[in-house]
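S.K.: Kindly return the folded structure for what I paste below:
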Amino acid sequence: MSTDAVLGFVLAGTFVLYALFGGADFGGGVWDLLSFGPRKAEQRALIARAMGPVWEVNHIWLIVGVVLLFAGFPRAFAALSVALHVPLTLLLLGIVFRGAAFTFRTYDMRGDAAQRQWGLVFSGASIVAPLLLGMCVGAVVSGSIRVEGRVVVSGFFASWLSPFSWAVGVLALALFAFLAAVFLTHEASGAELREDFRKRALGAGVAVFLAALVVLLLAREGAPRVWEGLSRSPFALALHAATGVAAVTAFALLWTRRFQWARLAAALQAGLIVLGWAASQYPYLVVPDVTLQGAAASPAAQRLLLIALAVGALTVIPSIALLFRVFRPRPEGASTVDSGH
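M.R.: A predicted model of the protein is given here:
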């Protein structure tokens with residue numbers, strides 16, 4: 001396998017990890033905004049307890065992905081940073097505002113007006129950021145970003161404001177909300193609180209299905225390359241079949257209240273969705289003008305990048321595992337009681 005193909009696979013892997021970890025954090029902000037009922041305060045406290053110790057580290061996967069794109073595929077990085085500079089800037093602002101608001105709300109005086117205002121900023125940014133992230137993905141695969149030589153010749157707005165890009169943004173938002181709700185069923189300590197998030201997970205799962213259906217229907221005109229990949233590529237078809245199996249399994253496990261296994265099935269479903277997107281547009285990084293091979297840096301630079309990734313992984317992955325093990329709070333009573341019953 002060539003070095004550019006290996007780097008492309010690793011790049012797709014970083015976005016899978018960001019969807020699973022960062023996406024679930026975004027989804028937590030969605031449910032923070034939509035908390036209601038007699039256990040509203042307990043729902044928000046659970047979200048804060050689950051996110052608090054680890055939310056900052058989740059963005060490392062986005063950083064690694066951006067560095068890989070910049071160093072390994074500079075032509076694609078240049079095209080995307082020009083064509084999508086507006087939504088990418090808004091996305092970064094949303095991530096910054098979200099993190100700042102979460103911190104200020106946590107350490108502000110309990111119950112005062114300022115704390116409520118920071119909560120709205122946190123929740124609002126948690127909705128806007130994944131929506132923009134999905135819209136950027138929709139623009140990349142739509143074929144409306146045109147590059148001639150090293151110059152982006154398409155506009156700065158039409159590609160990410162198209163109906164197809166909006167649909168992909170809604171799909172990303174629904175998927176992240178689904179992940180968060182499933183994860184929180186396992187984190188919840190009480191049966192009633194667990195049931196609140198079970199119902200939200202089932203509803204969000206239906207929203208994911210409907211949004212994916214809309215994306216599929218719009219892809220034929222809005223993203224012909226993706227449509228072709230979905231309908232003709234054996235590898236992509238196999239991934240989408242596996243995604244369907246994972247989705248049905250996640251629903252069945254939620255329905256039978258086997259929450260520990262449900263979160264694994266939901267994570268598999270989300271990861272396969274991201275991999276299916278990557279497989280559908282292969283070998284393009286920016287459809288239809290920038291390919292994986294055409295955008296690649298020199299073989300020497302890519303080999304050095306792979307060595308740096310291997311060395312970094314030896315440090316970063318054990319450190320993250322230790323962080324989750326030490327600082328992630330356990331649900332009360334979860335150590336001795338099977339949370340699936």
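
S.K.: What residues sit buried inside the least confident helix or strand in the chain by mean pLDDT?
M.R.: Across the helices and strands of the chain, mean confidence by mean pLDDT, DSSP states H and E is lowest for helix 224-232: a mean of 76. Within helix 224-232, the residues that count as buried by 16 or more other CB atoms under 10 Å are 225-227, 229-230. Every C-beta, even on glycine, is put in place using the N, C-alpha and C of the backbone.

S.K.: ditto for stretch 309-318
M.R.: Across stretch 309-318, burial judged by 16+ other CB under 10 Å covers Leu309.

S.K.: Quick one: residues in contact with that stretch.
M.R.: Here stretch 309-318 makes contact (CB atoms under 8 Å, 6 or more residues apart in numbering) with 10, 60, 68.

S.K.: I'd like those residues written out as a markdown table, with secondary structure, distance to Ala295 and pLDDT added.
M.R.: Formatted as a markdown table, the contacts of stretch 309-318 follow (DSSP: H, G, I helix; E, B strand; the rest coil; distance: CB to CB, whole Å; pLDDT from 0 to 100):
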| residue | secondary structure | distance to Ala295 | pLDDT |
| --- | --- | --- | --- |
| Val10 | helix | 15 | 92 |
| Ile60 | helix | 24 | 87 |
| Leu68 | helix | 12 | 93 |
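
S.K.: contacting residues around Pro74?
M.R.: Counting by CB under 8 Å, 6+ apart, Pro74 has contacts 295, 297.

S.K.: measure it to Arg150 for me?
M.R.: Distance of Pro74 to Arg150, computed by CB to CB, to the nearest Å: 10 Å.

S.K.: circling back: I'd like to know which of the buried residues of helix 224-232 is nearest to Gly29.
M.R.: Within the buried residues of helix 224-232, the smallest distance to Gly29 is 28.2 Å, found for Val226 (CB to CB).

S.K.: From Arg258, how far out is the closest one?
M.R.: Val226 sits 34 Å away from Arg258, going by CB to CB.

S.K.: Which one (most neighbours) among the contacts of stretch 309-318?
M.R.: When neighbours are counted by other CB atoms under 10 Å, Leu68 leads these with 23 neighbours.

S.K.: who's in contact with the closest residue to Pro299 other than its chain neighbours?
M.R.: Nearest in space to Pro299, with sequence neighbours left out and distances taken as CB to CB, 6 or more residues apart in numbering, is Thr3 at 5.8 Å. Thr3 sits next to 296, 299, 302-303, 306 when contact means CB under 8 Å, 6+ apart.
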